[in-house]
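Visitor: give me a model of this one.
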Amino acid sequence: MKKGPLTIKDIARDLNISPSTVSRALKDNPDISPETRKIVQDYAKEHKYKPNALALSLRTQHTNIIGVIVPELANHFFSGVLSGMETVAEEKDYHVIVCQSSEDYQKEIRNVQTLIKARVCGVLISQSKATMKYDHFQELIDNDIPVIFFDRICTGIDSDKVVVDDYSGTFTAVEYMIKTGCKRIAFFSAPLHLEISKNRKNGYLDALRKYHIPVDESLMRIADTKQLGYEKALEILKEPNYPDAFMAMNDYTASGILLATKELGLKVPADISICGFSNSNISQDTDPMLTTMDQHPKKVGEEAMSLMLEKIENPESSSRKNRIIKTSLIVRQTTKPLIDGTII
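Guide: Numbering: from 1, shown residues only. Prediction:
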């Protein structure tokens, strides 16, 4: 009994006809009689025949496969983005190959090489935080493979982009905490060479300036994981003039900050307010539950994939498109309520 997937040659042998006849019959070619077409198609369906996408791409120089590179598959935001991407791709009969860089520059380069060899017709990328050089991204473009960046964008490459409104989201969150009485708000960020970090820092600073709160550099830290959030929060909360609020890079960092406040016997939100970013599952698993910014990851994925399909279907278009996804403040238990009960 034959092992492995059924091929056109197998069908031809079993039906005692030529492989070219089978190929044309499967494509419903009118040169093949209706009777033969039905026999071949019924046989293929009964035996669960699937076309060889790679072999087809070698003949046509085109696949219906789109590559995606993300820093971390287990991250709530990126899993939501991928869900949105796959929904849009499937509607247009495209398939998605997902690669994980694991925040590693060299692995990200290998991801790119893998997708080039797979002859993908486009690549959607959220760059790793370790990436400082962009030659591998340029190689995709040099191979006429459309590239779109999402969330963590690369400013060194001229390409379409889909981003969350990180500036406004952070500004809104910090403004909310200020309106609830917070005066010394710490800011925990990802590495500042990332555009996402720059935008969030600017939102944080502008909210402080709007309410004439002095900017204190000692309240800013690079901390974008649960462990770093915990460690840096312990450091800063042991200082005499510790902050009364934290704006975290993400919910994981915020959960680390919350753990540190509990260890030091501080009450949340009575003593310390905490706001995360992303509205991940962890935001409702903490006690108390985290106030956070919803990034609408599925919408990010849908917009990014729609933009990619536009580029693939209109290869002559040279116009650049940037799409911005608005955030939503989700007020829970780690921040104080507004005194007048209004929502920003």
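Visitor: so how far is I153 from A44?
Guide: Between A44 and I153 the computed distance is 44 Å (C-beta to C-beta, to the nearest Å). No exception for glycine: its C-beta is placed from N, CA and C like everyone else's.
Visitor: can you give me the helices for the stretch 1-150 of the chain?
Guide: 8-15, 19-26, 34-46, 53-60, 76-91, 105-117, 135-142 (DSSP state H, counting those that start in this stretch).
Visitor: now A186: which helix or strand?
Guide: Assigned by DSSP states H and E, A186 belongs to strand 185-189.
Visitor: how far does that strand sit from its chain's centre?
Guide: Distance of strand 185-189 from its chain centroid, counting by C-alpha atoms, centre = their mean, to the nearest Å, is 23 Å.
Visitor: what's the answer for stretch 255-265, then?
Guide: Relative to the mean C-alpha coordinate of its chain, stretch 255-265 is positioned 28 Å out (C-alpha atoms, centre = their mean).
Visitor: swap in stretch 296-313?
Guide: With C-alpha atoms, centre = their mean, you get 11 Å for stretch 296-313.
Visitor: that older thread, what's the closest of the helices of the stretch 1-150 of the chain to R323?
Guide: Among the helices of the stretch 1-150 of the chain, the nearest to R323 by C-beta to C-beta is helix 76-91 (12.6 Å).
Visitor: please compute how far that closest one lies from its chain's middle.
Guide: 9 Å.
Visitor: which elements pack onto that helix?
Guide: When contacts are defined as 3 or more C-beta pairs under 8 Å, 6 or more residues apart in numbering; DSSP states H and E, helix 76-91 packs onto strand 65-70, strand 95-100, helix 297-313.
Visitor: mean pLDDT and mean neighbour count added to the ones you listed, as TSV?
Guide: TSV is the format used below for the helices and strands packed on helix 76-91 (pLDDT from 0 to 100; neighbours: other C-beta atoms under 10 Å):
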stretch	mean pLDDT	mean neighbour count
strand 65-70	95	25
strand 95-100	95	17
helix 297-313	94	21
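Visitor: S83 is nearest to which of the ones you listed?
Guide: Comparison of the helices and strands packed on helix 76-91 against S83 by C-beta to C-beta identifies helix 297-313 as nearest, at 5.5 Å.
Visitor: in the stretch 51-200 of the chain, where is pLDDT below threshold?
Guide: For the stretch 51-200 of the chain, the stretches flagged by pLDDT under 70 are 52-62.
Visitor: could I get the contacting residues of K50?
Guide: Contact analysis of K50 by C-beta atoms under 8 Å, 6 or more residues apart in numbering lists P5, L6.
Visitor: how about C182, nearest residue that isn't a chain neighbour?
Guide: Spatial nearest neighbour of C182, chain neighbours left out: A245 (3.9 Å); criterion: C-beta to C-beta, 6 or more residues apart in numbering.
Visitor: which ones are touching that neighbour?
Guide: Contacts of A245 (C-beta under 8 Å, 6+ apart): M177, C182, R184, I185, A186, I272, S273, I274, C275, T335.
Visitor: show me these that map onto helices.
Guide: Using DSSP state H, M177 are the members of the contacts of A245 that sit in helices.
Visitor: columns neighbour count on top of the contacts of A245, output as TSV?
Guide: Shown next, in TSV, are the contacts of A245 (neighbours: other C-beta atoms under 10 Å):
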residue	neighbour count
M177	23
C182	23
R184	14
I185	22
A186	25
I272	24
S273	23
I274	31
C275	30
T335	24
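Visitor: just the endpoints, please. Distance across stretch 284-302?
Guide: 25 Å (C-alpha to C-alpha, to the nearest Å).
Visitor: revised request: answer the last question for stretch 25-33.
Guide: Length of stretch 25-33, first residue to last, C-alpha to C-alpha: 8 Å.
Visitor: quick check: end-to-end length of stretch 316-334?
Guide: Start to finish, the residues bounding stretch 316-334 are 50 Å apart (C-alpha to C-alpha).
Visitor: now that stretch: how far from the chain's centre is it?
Guide: 12 Å.
Visitor: could you do stretch 9-23 as well?
Guide: 44 Å.
Visitor: does E108 really touch S128, like I thought?
Guide: Yes: E108 lies in contact with S128 (C-beta atoms under 8 Å); the separation is 5.0 Å.
Visitor: so what sits against both of the two?
Guide: Both E108 and S128 are contacted by S101, under the criterion C-beta under 8 Å, 6+ apart.
Visitor: on that earlier part again, state the phi and psi torsions of the residue nearest to C182.
Guide: Phi and psi for A245, reported as degrees, to the nearest 10, are phi -160, psi 160.
Visitor: repeat that for the one 4 residues further on.
Guide: Dihedral pair for M249: phi -60, psi -30, per degrees, to the nearest 10.
Visitor: per-residue pLDDT of the residue nearest to C182, please?
Guide: Per-residue pLDDT puts A245 at 98.
Visitor: name whatever forms a beta bridge with it.
Guide: A245 has these beta-bridge partners by DSSP bridges: I185, S273.
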